[in-house]
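Got a sequence here, can you model it:
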Amino acid sequence: MLRAGNAVRFTPPEIEDYRSLGIDFAGTRTQDDVEQALSQWAQTLADERPDLLNKIALEMAKVKGVKPPPLLGLVVNAVPSSGSPGKS
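Alright, predicted model coming up:
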């Protein structure tokens, strides 16, 4: 990933690598776009594989040396997904 101020660019191989993980960075041009793509990915994991999302969060906490978060399924599922009637 290349950065210049708030602008970001991914190379085609990077886009394919992330796509293999289920993250779509195609068309991403700013840090906000990156955050939106990661948020959508995390919401999809919370909906489809909450167990996997919790494992990822636990490993990230372990690497950072911080206290693990509570079960993410409880936190993320409290936020309506883009297909939910509660989200405008």
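
where's E59 relative to A7, distance?
Distance, E59 to A7, using Cβ to Cβ, to the nearest Å: 30 Å. Glycine gets a C-beta too; all of them are placed from N, C-alpha and C.

what's the answer for D51, then?
D51 is 36 Å from A7, where distance means Cβ to Cβ.

Need the three-state assignment for E14.
At E14 the chain is in helix, as set by DSSP: H, G, I helix; E, B strand; the rest coil.

Against T44, how distant is the residue nearest to the spatial centre of the chain?
Compute the mean C-alpha point of the chain, and by Cα atoms, centre = their mean the closest residue is L38, 2.6 Å away. Distance of L38 to T44, given as Cβ to Cβ: 11 Å.

repeat for M60
For M60, the distance to T44 equals 17 Å [Cβ to Cβ].

which one of these two has more residues nearby?
Counted by other Cβ atoms under 10 Å, M60 and T44 do not tie: T44 has more neighbours, with 15 against 12.

That one touches D24, doesn't it?
No: using Cβ atoms under 8 Å, T44 is not in contact with D24, being 10.2 Å away.

Name the spans of this protein whose pLDDT lies under the cut-off.
71-88 (pLDDT under 70).

now the helices for it?
12-20, 31-48, 50-64, 72-76 (DSSP state H).

what about A57, how many neighbours?
A57 has 19 neighbours, counted by other Cβ under 10 Å.

what number of residues lie near the nearest residue to K62 once chain neighbours are set aside?
Spatial nearest neighbour of K62, excluding adjacent residues (Cβ to Cβ, 6 or more residues apart in numbering): P68 at 7.6 Å. When neighbours are defined as other Cβ under 10 Å, P68 has 14 of them.

Against Y18, how distant is P68?
The gap separating P68 from Y18 is 25 Å, by Cβ to Cβ.

so the residue nearest to the centre of the chain touches D24, yeah?
No: at 10.3 Å, L38 does not count as touching D24 under the criterion of Cβ under 8 Å.

For R9, give me its contacts.
1-2, 29 (Cβ atoms under 8 Å, 6 or more residues apart in numbering).

Brilliant, that's me finished.
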